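Colleague: Sequence first, then the predicted structure, then my questions.
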Amino acid sequence: MNKKDNRLNDRAAGSIVGVLIGDALGLGPHWYYDFEELRKHFGPWIDGYTDPKPSRYHEGLKAGNLSQSGL
């Protein structure tokens with residue numbers, strides 16, 4: 001494999017890992033259409049993995065789990 005192929009493989013692997021991290025980060029705040037409600041539950045900035053709130057989408061999963069798109 002040449003250097004160009006290695007860079008392409010690294011970029012492809014990085015994009016897959018990035019999608020999985022983004023999916024896990026979005027688990028708790030997923031499907032909020034009201035930004036005020038989102039900020040009330042999670043604050044002004046989400047910078048970590050969060051549990052979904054009761055009676056919300058993905059209820060019962062834990063922070064850092066993957067949603068169906070990550071599975």
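Modeller: Sure, I can see it. Numbering: from 1, shown residues only.
Colleague: What is the helix ranked longest in the chain packed up against?
Modeller: Secondary structure of the chain read by DSSP state H shows that its longest helix is helix 3-25. Applying 3 or more C-beta pairs under 8 Å, 6 or more residues apart in numbering; DSSP states H and E, we find helix 3-25 packed against no helix or strand. Quick note: C-beta positions are derived from backbone N, CA and C, even for glycine.
Colleague: For the least confident helix or strand in the chain by mean pLDDT, list every residue counted as buried.
Modeller: None of the helices or strands of the chain scores lower by mean pLDDT, DSSP states H and E than helix 3-25, at a mean of 90. By 16 or more other C-beta atoms under 10 Å, the buried positions in helix 3-25 come out as 23, 24, 25.
Colleague: ok, the nearest residue to the last one once chain neighbours are set aside - how many residues close by?
Modeller: Sequence neighbours aside, residue 49 is the residue nearest to residue 25 in space, at 6.2 Å (criterion: C-beta to C-beta, 6 or more residues apart in numbering). A count of neighbours around residue 49, defined by other C-beta atoms under 10 Å, yields 15.
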